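**Student:** Coordinates for the following, if possible.
(one chain, ligands or ions: 2)
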Amino acid sequence: MEKALEVRNLSLSLNNHKILDNLSFYLEKGSFAVLCGRNGAGKSQLLRCIKGLVNPDCGEILVDGVSLSAKARMKKIAIVFQDADMQIVSQSVEKDVAFGPENMGLDKKEIVQRVEKALSLMGLEDKVKQRPQTLSGGEKRKCAIAGILAMEPDVILLDEPFANLDYPSTLSVIRALNTLHGKGYTILVVSHEVEKFLFHADTLFILEEGRIMEEGSASEVYLKLPSYDIYLPQNVSFEDLTWLKR
Ligand SMILES: Nc1ncnc2c1ncn2[C@@H]1O[C@H](COP(=O)(O)OP(=O)(O)O)[C@@H](O)[C@H]1O
Ligand SMILES: [Mg+2]
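**Tutor:** Numbering: from 1, shown residues only. Ligands and ions are numbered 1, 2, ... in the order given. Predicted coordinates:
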């Protein structure tokens, strides 16, 4: 088993409040993991620490078994923020997706190839010339995901990727994440709306009081969600959560 990402003994305080408390976990290479926890549990701050946007009090973050500085992690770990609109900066979808690789200083041919590949993975081939502001909510989120894919990260973090999306958009983003999972990407989704996509995940973590309280296969850990005040639709078994599988 290879660890794509490992967090060791991570602690974070903000304004003298302990947000993350000696937290440790790892993601197996190619896994589609979900981390859930109530509002304010520290999910977004954890992702920001992993990416290298926030300095933790202490702890270590390893990518592919190597402990990396925040600066080195910026290249290896990609994040799609909750408000994907904020990540859209350009006048067309293709220009937006090219923004990251351009900043990496890649040559034109390589950029064109990467943009094409990322947009096709997200099913946005026919939107290349469209203004990102005119995309639907789900398309915007997929555009943001394409933007990070074009930078070819080792690990993809998504913060509440289904926030404010209607059913068809949610479905299209889940399909896009499934495609990435099928291609072997390592994905960590942070969300409190786990019922929407839990069935697709292989690993589930529950974050509370700044620590990972439960971890394991999604089908087992999901049974423990109610004891953390995270409710699933009533009388639904894990297998029933296929409602978005089609
Ligand atoms: N910039 C900040 N300064 C101080 N406290 C913060 C800051 N950002 C978030 N927090 C606090 O950190 C805790 C975790 O926040 P967050 O990671 O956003 O939670 P979640 O994403 O799980 O809803 C919350 O109690 C929040 O109030
Ligand atoms: Mg959050």
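
**Student:** CA atoms for contacts and neighbours, from now on please.
**Tutor:** Noted.

**Student:** The spatially most central residue of the chain: which element?
**Tutor:** Closest to where the C-alpha atoms of the chain average out (Cα atoms, centre = their mean) is Leu158, at 2.1 Å. Leu158 belongs to strand 155-159 when assigned by DSSP states H and E.

**Student:** Show me which residues of the protein are close to ligand 1?
**Tutor:** Residues of the chain found near ligand 1 (Cα under 6 Å from any ligand atom) are Leu14, Asn15, Ile19, Asn39, Gly40, Ala41, Gly42, Lys43, Ser44, Gln45.

**Student:** let's see it at 8 Å
**Tutor:** For the chain, the residues in contact with ligand 1 (Cα under 8 Å from any ligand atom) are 14-15, 17, 19, 36-46, 159.

**Student:** Name only those of those residues that count as buried.
**Tutor:** Using 16 or more other Cα atoms under 10 Å as the burial test, these include Ile19, Cys36, Gly37, Arg38, Ala41, Gly42, Lys43, Ser44, Gln45, Leu46, Asp159 as buried.

**Student:** Out of the residues you listed, the closest to Lys129 would be?
**Tutor:** The closest of these to Lys129 turns out to be Asp159 (Cα to Cα; 26.9 Å).

**Student:** That closest one and Glu193 touch, don't they?
**Tutor:** No: look at Asp159 against Glu193 with Cα atoms under 8 Å: they stay out of range, at 11.3 Å.

**Student:** and the buried ones among the residues of the chain next to ligand 1, which of them are in helices?
**Tutor:** Lys43, Ser44, Gln45, Leu46 (DSSP state H).

**Student:** Contact partners for the second one?
**Tutor:** It refers to Ser44. Asp159, Val190 (Cα atoms under 8 Å, 6 or more residues apart in numbering).

**Student:** give me the low-pLDDT residue ranges for this protein?
**Tutor:** Where the chain drops to pLDDT under 70, the residues are 84, 234-236, 240-246.
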